[in-house]
Structures are given as structure tokens and as C-alpha cells.
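*Asks:* Compute the structure for the input listed below.
(2 chains)
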2 protein chains.
Amino acid sequence: MVSEEMIQLGTKRSVIREIFEYGNQRAAAIGRENVFDFSIGNPSVPAPPSVAEALRDIVENTDPVKLHAYSSAQGHYSVRKAITDYNNRRFGTTLDPDLVYMTAGAAASLAITFHALACKGDNFITFAPYFTEYKTFVNGAGCALKIVPARTEDFQIDFAAFESLIDAHTKGVIINSPNNPSGVVYSEQTIMRLAQTLKKRSAEYGHTIYLVSDEPYRDLAYGGVEVPCVFRYYDEVIQCYSFSKALSLPGERIGYIAVSDRAQDAKEIYAAVCGAGRALGYVCAPTLFQFLVERCVAERSDFSVYERNRNLLCSALEEYGFTCAKPDGAFYIFVRSPEADATAFCERAKKYELLFVPGDDFGCAGYVRIAYCVSTELIKKALPAFAKLAKEYGLQ
Amino acid sequence: MVSEEMIQLGTKRSVIREIFEYGNQRAAAIGRENVFDFSIGNPSVPAPPSVAEALRDIVENTDPVKLHAYSSAQGHYSVRKAITDYNNRRFGTTLDPDLVYMTAGAAASLAITFHALACKGDNFITFAPYFTEYKTFVNGAGCALKIVPARTEDFQIDFAAFESLIDAHTKGVIINSPNNPSGVVYSEQTIMRLAQTLKKRSAEYGHTIYLVSDEPYRDLAYGGVEVPCVFRYYDEVIQCYSFSKALSLPGERIGYIAVSDRAQDAKEIYAAVCGAGRALGYVCAPTLFQFLVERCVAERSDFSVYERNRNLLCSALEEYGFTCAKPDGAFYIFVRSPEADATAFCERAKKYELLFVPGDDFGCAGYVRIAYCVSTELIKKALPAFAKLAKEYGLQ
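*Replies:* Just a heads-up that it's a prediction; the model follows:
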């Protein structure tokens, strides 16, 4: 009687959600502090203090009618300008505020972008391991999503496999670097070759293949690793950004779409973005948080905790004999399962109250995702459990 | 190269937007205070003081990690419970927090609801005059929208015309009372007959016809008029609510969908709502404003200004010889154009710096919408202009 497809989407619990619920049950049984739950990718560090200060100041000193009024659909101009000014200074780009569209976070950015680009019969391509909601959003826009298998040596791009999947109906390619779930940052070399490939194949088919760059983790990179700014390597870029991780504001739903000023049809793409936002019911991004990011665009949560966690966990895992992807960014380590079936490995880890997510959920079997956005205390306390698990597999 | 349909939606300026821009040009030329702009339906009264107090208190006294974290997709339970407790006390209903889904405002509520209900080949029906975005959202969900012509005697429902449009593929009916743009409130008699009709036709076709009740103006009714609570008259109701008008927070995007606990397939509908929210990229409603409405669910902006404006404007318009729909609610008066072409009437009104929106934009030719959510001062100042306009048409 109602949409079967939507019932499926609404009832099929994600594997992550299942593990999360299991974690809650264990916490009730043995105490939260004894469950080593590495399943959820939620920021664990607070928003920077400047966020609360700015919120107080904005509420205190702005006329409430003006503060809470509708903004234009694309967002307040001053907010968009603050964002492009900041990024242009930082990356030497020439982004245009009139090609920026404020959104209710990264998921909204992605759903709107796919609806804006999609024509009948189009497909999009992404690279395993990948955030599974891409499929939901791309399918929701009436397109197919094709997956390039993971290049497990280094989790960069398998270009041969990628090239074999591009066809005349490929509208766009989705990348996510720093990556959820692998934690890997695409190198400059990868981005350059990706750009070359897209140029070549666009020319071959006589139409543009867009690069949709999903960047919620852009500011989370460690050990001096630089995340290449894709606008500098390819013209046909649509960036989907969210402040969820940079400012630890995931629940507030604030982000943006930036269409490259160098895209050939930049204005048409932007118009389609505005149209898709309207069609999906996004009237404007929440205005208080628009004003907030205008003030706090250059601020960051204290990521030193994540870096400390990463260093601690990585050296320990290595010491215990585990193998993992080079964990340069985001707040995930992608560890090779010591047995072929990562789900079985996750089950066995539960004996030691260790909770991970099997890579199967991200299109990459044989690996597990460990989210280290937890307290450093919890990691320290969990290390003996990791050691026992390694020993059970005879890794050491 | 990108979606032509989305480019159209993103570039086609609405008539209201055109008039709004014209008003800005006139304001620049002759001063804002000399332009009588009645074109825009934005709350002009501030949020109640309790809103700023609650925002300050929440930001001050909540752990930022908890405050800004993702909520569950359907919204924090405590928030949903505060909403159903309040409404159940007020209306004697038995609404269930587990059938409430928090949204980013009324447009999101509507887009999600249509996607949740829509199956291939379905149609929805609404009643002129109607909010034109219904068509965008219903078409976006792949369905057709049929329009019942306005019953201009009283702007209640023309049941003969309505019945002739219902068919075996009708999935739902959309009502909006108090109505934008007519300002009319559906009487209890209208709602009872609507419920009877829907029951009869549902039985005839052997499937449910849902009632989608779009209620952003539910709390704006004047002169003691009661807005009937539709849950009490029909079981198959999906309410789309927004706090935009009640709390003067249109830019913050906070509202909800409530599926009636008496709907036969309530759980399936709710699951489909959750699925549609996910597919459209709504991860959760903004969390700070979720906590805010939990505290302020019973609060209201000071609507006495709107009521004063309505009384002032209505008696003046009547005195000048204009005819209008019974303006019991929202903040609109729907005035019959003294010439057949309402657009020509709007053009002529511009001579006196009076700006209205032609009813054609709401599927009802021969009428204009006057939005009185402006300052009482402006109305007082505009009255001589209305008098001159009436005189030009020989109304007095």
C-alpha cells in the first residue's frame, strides 16, 4: 500500500546499527566502560569553545526575526563568501560564492548533487571501500552505482578496473578522501591520474564526467599528510562538504556544495543543484548554523586526541601482528581480518568485548573498520583485549 | 548534460520572488517605508523570548558532544514524546512518539511523506487555492497531482468536483487548513464530510486513501475559531507540521511528521517515512532545535499583532468595497480581484505602491493574496492607497 522500497530502506537495519545496539546491551550488562565499542564514527571531541561562544553571541545580539528568517535557498551570501574566501586563501583556488549552495550536511549535499546531475540511464562510479549510503542516494536519483574493487595493497585507485567500468553513460565519479572506512588519503599522484583519466574518457565520449568529491573528513589528516585539493587538478568538480567533523556538529546538519568555477557548465550545474534542493524539500540550510559557520569557518575541534588515538592504536596493532591500511586520515583504521570471513572475525572479537564493523558493509570483504573516535582511556584499556585476540589467531 | 528538469526548477523564478525583487527595487528608489509590500508570507513577529532563553540555556548547560551529536534518524525520543504528550493533552488524541518523525520543516515533511506513500502510477489530490510546491514534491515522488477547483463562495471543499477526481490510483489527499493563500479554516462539517468521502471511496477501491494534513498554520486562527484536529475525524492521517510559524523559526527548519496511531498500516507507513527521509538525505533534524522544541512545544509567538492586522485590514477592505474569503487563520487575506485578470489588478495596484500576489500562482484565478504579516504601522499607512485603488475601480 505504501512504497515497498521505502519500507525496506526504513526497516533494514544497517550492520553498524546492529553492532551499536549489541554494544548498548553489553554496556547495560557489564558497564559501559568495559565495552570496547569501535563501531561508530561519531566525533568524540567537543566542538571548539568558539562555537558555544559564537552561538551565545549570535542569539544574544541578533534581532530574532532576522536571525531565524528564511535565507535564500542557496544560503546567506555573507556565509557563502566567508567559505569561499577561506578556501581560496587556503588552497589558492578561485571559488565563487555564487556557485556555493549551503546544505543540511554531507548526506544532503550528496543526495542533491546526484539529483542535479542525473539524466535517465546515467550511472555513477565509486571505489571500494565506500560509504554505503552512496548507493541509496544514487539509486534514489534513478541511476546505477558501479563499484571499483578495492586495491588492497594501498587502498589507492585500481585504474585498470576503474577504466573498464567507465562507459558512455557515466555521469560522475565519487571519491571520499580521507576515506571512510579505510582512513586512507588519496595521494597527489592518484588525484592527478584520476583527473587525466576523467579528461581522456570525457573527450572520448564527448561529454563531461563529473568528479563528486565527498569531503567530510578533509581536515582530519595526520602526520603532516596533505589532502590534495581536487579543484586544482580537475575542472569538473562538485565538492560536497560538511562541518560535522571539522566542528564536531554532526547533529546540526550544516555543510555545502561548491561547484568549481572552472567547470564548463558551472552555472547550469549550480541551477540544477538549486532545483534539486527545492525538489527534495530543502528550503534553506538551518540559519543559526549558517551564521555560526560564517564565524567559525577557520576553526577546528581539537583533533590531537584523534591523532594520539591513531598513533597508540596503530603501533599496538602492528606490534600484535595485525596488518592495516595506511591510516593517514579520518578516524578509522581498516584492519585485515586474520581469517577470510571478516564477520566471523568480528564475532570472535566480541568475546573480548571488542566491537568492529566488517568491511563487507563497505564493499570490501576481508577487512574490518575500527573507529578510533573514542576516548584515549578506552583505547588503553582495550589494548590487552586486542593482544588476546591476536594471540588467538597466532599472529604474534 | 545535467538534469534539465532540475535546471528548470532551479531557475524558474516564482511570481512571488519576482514581486519581492520588484519591492526591493522600489524600496531602493523611494524608501522601504513607502512600499506597501504584502507579497511575502514570512513571520514578522519575533520568536517568543522563551526561545532565546532556552537556546542560551541549552548551549550553556549541555555537554557539546551530546548536544550536537547525531540523534536517531527519527529524532530524540524525549523530543517526540514532548510533542505527543502536548498534542494528546490538547486534542484528546493518543498519538504515539514512535510514530513521530522529526523533520527539517514542513517542506521536508511533505517531500518525505509523498516519497513514503508513492507507488508507481499513484496520484494525489489537493484543493485550489494551494501551495504550489505541492506539485514539485508530488511530481518529485513520481506521482501526478490533481487539483480540485476552488469553491469560491466560501473556500471550503467542492465535494462534487472532488469526488469526480478520485480514482483507483488516488493514494492521498492533501489539505492545508488554515490555508495559504486563502486564510480560510476548514469547518468541522467540511472535515467530517471529507472523512466520510475518503472512507467511502477507500472502501470502493479496496485500498486506503491517506489524508496528508499540512499544518504549518495550525496555531494561527482568530476570533475564537477552532481548527478541527483531523486525527479525530479520520484514521488514515499523516500530519505534516512545522514550528516555523508557531515559534517564528522559519529558517531553522524544524518540524515533524506524525502518523496516526489509528492508521491501519501505521507501522509500515512510519517505516516508509524513515526510509524516505534516508533516501532524500535527511540524516536527522537539527539537534539543537530538536532540544529547543522539546522545551518550547507549548510556546507561541505573540500572534496578537497578526490578529490586529487582520481586523484592521479586513474592516478597511470591506469598507472600501472589496470582497474577500473569510479570513479566520494563517496571515493571508484572499481578495477578489475587481477585474477578471488578477495580474492586471496587481499591476494597477503597483501605482499606489501596493504589492500583492495573483491567485493564479495558487491555482485560483481572479483573486489576490495579501500577506498581512507586516507591521501594523505599515497597514495603517497603506490604507489610503487601498482606498484610492478601490475608487479607481468604482467600488465604493
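*Asks:* Output the lowest mean pLDDT helix or strand found in chain A.
*Replies:* helix A:15-30 (a mean of 88; mean pLDDT, DSSP states H and E).
*Asks:* can you map out the helices along the stretch 101-250 of chain A?
*Replies:* A:106-117, A:133-140, A:159-165, A:188-205 (DSSP state H, counting those that start in this stretch).
*Asks:* Quick one, which of the ones you listed gets closest to B:Val374.
*Replies:* Minimum separation from B:Val374 across the helices of the stretch 101-250 of chain A (CB to CB) falls at helix A:106-117, 32.2 Å. C-beta: built from backbone N, CA, C; applies to glycine.
*Asks:* so what secondary structure elements neighbour that closest one?
*Replies:* strand A:100-103, helix A:133-140, strand A:170-175, strand A:210-214, strand A:237-242, strand A:255-259, helix A:266-279 (3 or more CB pairs under 8 Å, 6 or more residues apart in numbering or on different chains; DSSP states H and E).
*Asks:* Excluding chain neighbours, give the residue nearest to the residue of the stretch 51-200 of chain A found nearest chain B in space.
*Replies:* As assessed by CB to the nearest CB, chain B sits closest to A:Ala111 within the stretch 51-200 of chain A, at 3.0 Å. Nearest residue to A:Ala111 in three dimensions, chain neighbours excluded: B:Gly281, at 3.0 Å (CB to CB, 6 or more residues apart in numbering or on different chains).
*Asks:* Next: A:Gly142.
*Replies:* That would be A:Ala118: by CB to CB, 6+ apart, it lies 5.7 Å from A:Gly142.
*Asks:* Return the distance of that neighbour relative to B:Val2.
*Replies:* 8 Å (CB to CB, to the nearest Å).
*Asks:* quick one, which of those two is more surrounded?
*Replies:* The neighbour count for A:Ala118 versus B:Val2, taken as other CB atoms under 10 Å in any protein chain shown, is higher for B:Val2 (28 against 24).
*Asks:* And that one, what's its pLDDT?
*Replies:* Per-residue confidence (pLDDT) for B:Val2: 91.
*Asks:* Make sure it is actually in contact with A:Leu117.
*Replies:* Yes - if you go by CB atoms under 8 Å, B:Val2 and A:Leu117 touch, sitting 5.2 Å apart.
*Asks:* Identify the contacts common to those two.
*Replies:* A:269, A:272 (CB atoms under 8 Å, 6 or more residues apart in numbering or on different chains).
*Asks:* Distance of the residue positioned nearest the centre of chain A relative to chain B?
*Replies:* With distances taken as CA atoms, centre = their mean, the residue of chain A nearest its centroid is A:Pro216 (4.6 Å). Separation of A:Pro216 from chain B (CB to the nearest CB, to the nearest Å): 11 Å.
*Asks:* could you pull out the strands for chain A?
*Replies:* A:36-37, A:100-103, A:123-127, A:144-148, A:170-175, A:210-214, A:237-242, A:255-259, A:332-336, A:354-355, A:357-358, A:367-371 (DSSP state E).
*Asks:* B:Tyr134: which of these is closest?
*Replies:* So among those, strand A:100-103 is nearest, using CB to CB, at 22.9 Å.
*Asks:* Most tightly packed of the helices of the stretch 101-250 of chain A?
*Replies:* Counting by mean count of other CB atoms under 10 Å in any protein chain shown, helix A:106-117 has the highest mean neighbour count of the helices of the stretch 101-250 of chain A, with a mean of 29.
*Asks:* and A:Phe124, what is it in contact with?
*Replies:* A:Phe124 neighbours (CB under 8 Å, 6+ apart): A:114, A:134, A:138, A:143-146, A:170-174, A:212.
*Asks:* out of these, which are buried?
*Replies:* Buried members of the contacts of A:Phe124, scored by 16 or more other CB atoms under 10 Å in any protein chain shown, are A:114, A:134, A:138, A:143, A:145-146, A:170-174, A:212.
*Asks:* Show me which residues of the stretch 101-250 of chain A are close to chain B?
*Replies:* With CB under 8 Å from any CB of the partner chain as the criterion, the stretch 101-250 of chain A comes near chain B at residues A:104-105, A:107-112, A:115-119, A:133, A:136-137, A:140, A:207-208, A:248-250.
*Asks:* what about 6 Å?
*Replies:* Proximity of the stretch 101-250 of chain A to chain B (CB under 6 Å from any CB of the partner chain) is limited to residues A:104, A:107-108, A:111, A:116-119, A:136, A:140, A:249-250.
*Asks:* Farthest pair within the residues you listed?
*Replies:* Every pair of these checked by CB to CB; the farthest is A:Cys119 and A:Leu249, at 34.1 Å.
*Asks:* Between the two, which has more neighbouring residues?
*Replies:* A:Leu249 (29 against 16).
*Asks:* what sits against A:Ser109?
*Replies:* Contacts for A:Ser109 were tallied using CB atoms under 6 Å, 6 or more residues apart in numbering or on different chains; they are A:103, A:240, A:255, A:257.
*Asks:* Which pLDDT value goes with it?
*Replies:* 98.
*Asks:* Which residue comes closest to it once chain neighbours are left out?
*Replies:* Looking at A:Ser109 with CB to CB, 6+ apart, the closest residue is A:Cys240, at 3.6 Å.
*Asks:* For the one you found, give the beta-bridge partners.
*Replies:* With DSSP bridges applied, the residues forming beta bridges to A:Cys240 are A:Asp214, A:Ile257.
*Asks:* so it makes contact with A:Tyr217?
*Replies:* No - counting by CB atoms under 6 Å, A:Cys240 does not reach A:Tyr217; the two are 11.8 Å apart.
*Asks:* count of neighbours near the residue lying closest to A:Val65 once chain neighbours are set aside?
*Replies:* Among residues not flanking A:Val65 along the chain, B:Pro46 sits closest, at 5.1 Å (CB to CB, 6+ apart). By other CB under 10 Å, the residues close to B:Pro46 number 18.
*Asks:* so what's B:Pro46 up against?
*Replies:* A:64-65, B:248.
*Asks:* Top of the residues you listed by number of neighbours, please.
*Replies:* So for the contacts of B:Pro46 (other CB under 10 Å), the most neighbours sit at B:Ser248, 26 neighbours.
*Asks:* next one: phi and psi at it?
*Replies:* phi 50, psi 50 (degrees, to the nearest 10).
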